[in-house]
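Asker: no sequence for this one, just the structure:
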């Protein structure tokens, strides 16, 4: 499937973008390549019913695990208490020298 200049102009108008001629030509080429790739993906055969060892791609198991931090919050927080960050009350940092 190819994208025409009119398609690029419509997309640019919907996105409220100003596109010059050189950019429009490049977008036309890139969008055509993307749509051609998506069409290729649609041609991939359905592998339901195929044994796990015969599949073209092996997928990893989805496992939810916390992302390990490089440094603990206690190391990076100016104030940390009871597993929570503590912050100054609103306005405490805004007091200037002119306030008694």
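Answerer: All right, it came through fine. This one's a predicted model, so the numbers in the text were calculated from it and none came from an experiment. Residues are numbered from 1 along each chain as shown.
Asker: what does stretch 28-36 contact?
Answerer: Contact with stretch 28-36 is made by 1, 2, 3, 4, 5, 7, 8, 11, as judged by Cβ atoms under 8 Å, 6 or more residues apart in numbering. (Glycine included, C-beta is placed from N, CA and C.)
Asker: quick one, strands of this protein?
Answerer: Applying DSSP state E to the chain gives strands spanning 80-81, 84-85.
Asker: can you add distance to residue 22 and mean pLDDT and give those back as a markdown table?
Answerer: Output for the strands of the chain, formatted as a markdown table (distance: least, Cβ to Cβ, whole Å; pLDDT from 0 to 100):
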| stretch | distance to residue 22 | mean pLDDT |
| --- | --- | --- |
| strand 80-81 | 53 | 84 |
| strand 84-85 | 49 | 86 |
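Asker: which of the contacts of stretch 28-36 tops the neighbour count?
Answerer: Within the contacts of stretch 28-36, neighbour counts (other Cβ atoms under 10 Å) peak at residue 8, which reaches 21 neighbours.
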